[in-house]
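**Q** Using only what follows, build the 3D model:
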Amino acid sequence: MFGPYSMNKGLCCCGELTDIDSEVLRRKIELGKKVECRKCRNKRIAEEHELLELHYLGLDEEVEEW
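**A** As a prediction, the model looks like this:
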């Protein structure tokens with residue numbers, strides 16, 4: 001768990017190369033998930049957080065109606 005990591009390069013959908021642990025890369029590929037750079041990952045998490053906030057406030061139904 002802690003120690004020397006075997007790092008690989010992964011290509012994000014935005015075109016940026018990112019360093020990623022080879023074991024994480026293998027799992028993402030097996031699960032069919034995308035490799036994300038730090039910027040894209042943070043953007044995705046922020047969007048998901050915003051959607052959850054809207055849902056818990058009961059505003060997601062209003063957004064769907066637009």
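**Q** Excluding covalently adjacent residues, which one is nearest to Met7?
**A** Spatial nearest neighbour of Met7, chain neighbours left out: Asp19 (5.1 Å); criterion: C-beta to C-beta, 6 or more residues apart in numbering. Any C-beta I mention is one placed from the backbone N, CA and C, and that applies to glycine too.
**Q** What of Lys28?
**A** Leaving out its chain neighbours, the residue that sits closest to Lys28 by C-beta to C-beta, 6+ apart is Val35, at 6.1 Å.
**Q** close enough to count as contact, the one you found and Thr18?
**A** Yes. Counting by C-beta atoms under 8 Å, Val35 does reach Thr18; the two are 6.8 Å apart.
**Q** So for those two, which residue has more residues nearby?
**A** Taking other C-beta atoms under 10 Å, Val35 and Thr18 do not tie; Val35 has more neighbours (20 against 17).
**Q** And the pLDDT at the residue nearest to Lys28?
**A** Val35 carries a pLDDT value of 92.
**Q** quick one: which helix or strand includes it?
**A** For Val35, there is no enclosing helix or strand under DSSP states H and E.
**Q** Relative to Arg26, how far out is it?
**A** Taking C-beta to C-beta, to the nearest Å as the measure, Val35 falls 11 Å from Arg26.
**Q** next one: Lys43
**A** Counting by C-beta to C-beta, the gap from Lys43 to Arg26 is 24 Å.
**Q** Show the backbone phi and psi for Asp19.
**A** For Asp19, the backbone dihedrals are phi -80, psi 130 (criterion: degrees, to the nearest 10).
**Q** Pull up the overlap in contacts between Val35 and Thr18.
**A** Contact criterion C-beta atoms under 8 Å, 6 or more residues apart in numbering; residues shared by Val35 and Thr18: Gly10, Leu11, Cys12.
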